[in-house]
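1. Here is a sequence with its predicted model. Questions after.
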Amino acid sequence: MNKKIVFWCSALFLILLSTSLLAQTEGTRGVVIQSVENMFSKPSSKVDVVSQALLGTTVKILKTEKDDQGKDWYFIETPDTYQGWIESRAVRLYQPGEKLYAASGQVMEVTSLMAFVYATPDVTKQKPLKMAPISTVLEVGQPEERWVPVTLPCGHKGFIQAGDGEIKQAPFKRPRLAPDQMVVQAKRFLGLPYLWGGTSPLGIDCSGFAQLIYRLSGVEILRDADIQFTSSGLIEIPKGQEKAGDLIFFGGKSITHVGMMISDHEFIHATTHDKPVVQISDLRDAYWQRIYQGCRRAPAEKKIEK
């Protein structure tokens, strides 16, 4: 009998301790340690994916919760103010006084669509430690001729090929690209798969694609197409005056789709229309004309706010 009492008291203590530790994480910050991690509408992997958080992203922990299986979840906010639930295993919490990952010092910004980090500087004898999607920023050591030593957000050391990115001094600001350069950047993604909620080359949705291309072009915009359409910093462009680099929006009663113009009549977008891939479509087609909602343009050197 005494053993049973001790057992249940111990179990209750562990539950209370776990709950207390979860509560203490609220209001803190963490860094994403997985290559690509889904964000959900509720603390469960059985509900809608709302977006994805990528390797090295610093996030705010707004709430914590356990699911019905005892798994810990964080309700996070990403730097673009997007919110969703993510499994706690995907985030390393910062220690008190710890500097934010890759926020200062020498870093590498990944410019390949997808780069691989290896345990040693050799591609033939091992599986990669981690994938690093384009725009990922990694802490690095002294670059060598072909390889660059990196420290991953989880603390593990590795190596990335020098050709996969650019060495920079953090914090840095991406240069504003001209429209023709934006088109070149966007066309690199042609044929990549469409994925609802996706934000990386492994799979990407329409607003995730628009946000990523604009980020690579030196302009920060928000995540969803309807928010991008109403963002106060974007300039409304009359129909018929669209040009390369503009965002073009579609829908019915609400905005449901976005693409980027690559000429005065063609646009590139991640879509399930025709094929579920990043593709080029003609704005003059009857289908797109019927659901056309408007065009927006980002001024140079402008960060888009809510």
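-> Sure, I can see it.
2. pLDDT weak spots in the stretch 101-250 of the chain?
-> Regions of the stretch 101-250 of the chain meeting the criterion pLDDT under 70 cover residues 232.
3. partner residues bridging I76?
-> Judged by DSSP bridges, the bridge partners of I76 are I61, G84.
4. how much space between it and V49?
-> 14 Å (Cβ to Cβ, to the nearest Å). Where you see a C-beta, it was placed from the backbone N, CA and C, and this is true even at glycine.
5. what do those two both touch?
-> Common contacts of I76 and V49 (Cβ atoms under 8 Å, 6 or more residues apart in numbering): M39.
6. Pick out whichever of the two has more residues nearby.
-> Counted by other Cβ atoms under 10 Å, I76 and V49 do not tie: I76 has more neighbours, with 26 against 16.
7. Show me what counts as buried in stretch 268-286.
-> Within stretch 268-286, the residues that count as buried by 16 or more other Cβ atoms under 10 Å are 268-271, 277-279, 281, 283.
8. G56: what's it in contact with?
-> Here G56 is in contact with 31-32, 101-102, 132, 136-138, 153 (criterion: Cβ under 8 Å, 6+ apart).
9. with those residues in mind, which one is nearest to Q289?
-> T136 (37.9 Å; Cβ to Cβ).
10. Would you confirm that Q106 contacts V140?
-> Yes - Q106 lies in contact with V140 (Cβ atoms under 8 Å); the separation is 5.5 Å.
11. Compare the two (neighbour count), which wins?
-> Per other Cβ under 10 Å, whichever of Q106 and V140 has more neighbours is V140, with 20 against 15.
12. next one: phi and psi at that one?
-> Dihedral pair for V140: phi -130, psi 160, per degrees, to the nearest 10.
13. ok so, going back, now intersect the contacts of G56 with the strands, please.
-> 31-32, 132, 137-138 (DSSP state E).
14. Now flag whichever of those is closest to Q161.
-> The closest of the ones in strands among the contacts of G56, once distances to Q161 are taken by Cβ to Cβ, is A132, at 10.8 Å.
15. What's the separation between that closest one and G197?
-> Counting by Cβ to Cβ, the gap from A132 to G197 is 20 Å.
16. So the two - more neighbours on which side?
-> Applying other Cβ under 10 Å to A132 and G197 shows that A132 carries more neighbours, namely 30 against 20.
17. Settle this for me: that one is touching L113, isn't it.
-> No - taking Cβ under 8 Å as the definition, A132 is not a contact partner of L113, at 10.4 Å.
18. burial count for V50?
-> Neighbours of V50 under the rule other Cβ under 10 Å: 18.
19. pretty sure E87 is touching V32, no?
-> No - using Cβ under 8 Å, E87 is not in contact with V32, being 10.8 Å away.
20. Settle it for me: which of the two has more neighbours?
-> Neighbour totals were compared for E87 and V32, and V32 leads with 25 against 19 (other Cβ under 10 Å).
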